[in-house]
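>>> could you work out the structure for the sequence below:
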Amino acid sequence: MDRKVILLVEDNPDDVELTRRAFEKANLTNPMTVVSDGAKAIDYIKGLGEFSQNDQRRLPAIILLDLKLPKVDGLEVLKEIRNFQPTQLTPVIILTSSLEEQDLINCYLSGANSYIRKPVDFNKFTQAVQQLGMYWLLLNELPPNPES
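Model prediction:
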């Protein structure tokens, strides 16, 4: 069975490291690809640019998406994900520090599956990431991958 790939779209290296450590602590050893801006996220999903080689890109089982990103913001990335047939059904979990209610509303209107505010506290952040990983990778039934 192919292991489910996680795409983490996050520009803060500390949050990337915390997310990786939280997954490891929960014994979730799925391969994780990290991209640090919205333009790279779109390239990864569509297999463009540095991700144009098939062996460099696998469609993710879940996408963890920050909103405040360089080049292309997370909401635009979410819209691209939903408008691209191979990823239309891919679960997208917004992981953000935004407290803006309009961000929350816009994300759900644009097709987000979940919206999680990043806790500032390390232990709470770790617990939140572990719980989302357990749910989305182990409990949730994912749609079939169109490439399989």
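>>> helices of the protein, residue ranges please.
Under the criterion DSSP state H, the chain contains helices at 13-25, 38-46, 74-83, 101-109, 122-133.
>>> from the chain's centroid, how far away is the third one?
Chain-centre distance of helix 74-83: 11 Å, with Cα atoms, centre = their mean, to the nearest Å.
>>> go ahead and confirm residue 20 touches residue 32.
Yes: counting by Cβ atoms under 8 Å, residue 32 is a contact partner of residue 20 at 6.5 Å. Quick note: C-beta positions are derived from backbone N, CA and C, even for glycine.
>>> C-alpha coordinates for stretch 59-71, CSV please?
What follows is stretch 59-71, C-alpha atoms only, in CSV (Å, rounded to 0.1, in the frame of the first residue of the first chain):
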residue,chain,number,x,y,z
LEU,A,59,-0.3,14.0,-5.1
PRO,A,60,-0.8,14.5,-1.4
ALA,A,61,-3.4,12.6,0.7
ILE,A,62,-3.9,15.8,2.8
ILE,A,63,-2.7,19.4,2.5
LEU,A,64,-1.9,21.5,5.6
LEU,A,65,-2.1,25.0,4.4
ASP,A,66,-1.1,28.3,6.1
LEU,A,67,-2.9,31.4,5.0
LYS,A,68,-0.3,34.1,5.3
LEU,A,69,2.2,33.0,2.6
PRO,A,70,4.7,34.8,0.4
LYS,A,71,4.1,35.2,-3.4
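>>> what is the mean pLDDT for that stretch?
Mean pLDDT, stretch 59-71: 93.
>>> let me have the helices of the chain in a markdown table, adding distance to residue 6 as columns.
Below are the helices of the chain laid out as a markdown table (distance: least, Cβ to Cβ, whole Å):
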| stretch | distance to residue 6 |
| --- | --- |
| helix 13-25 | 8 |
| helix 38-46 | 12 |
| helix 74-83 | 14 |
| helix 101-109 | 19 |
| helix 122-133 | 8 |
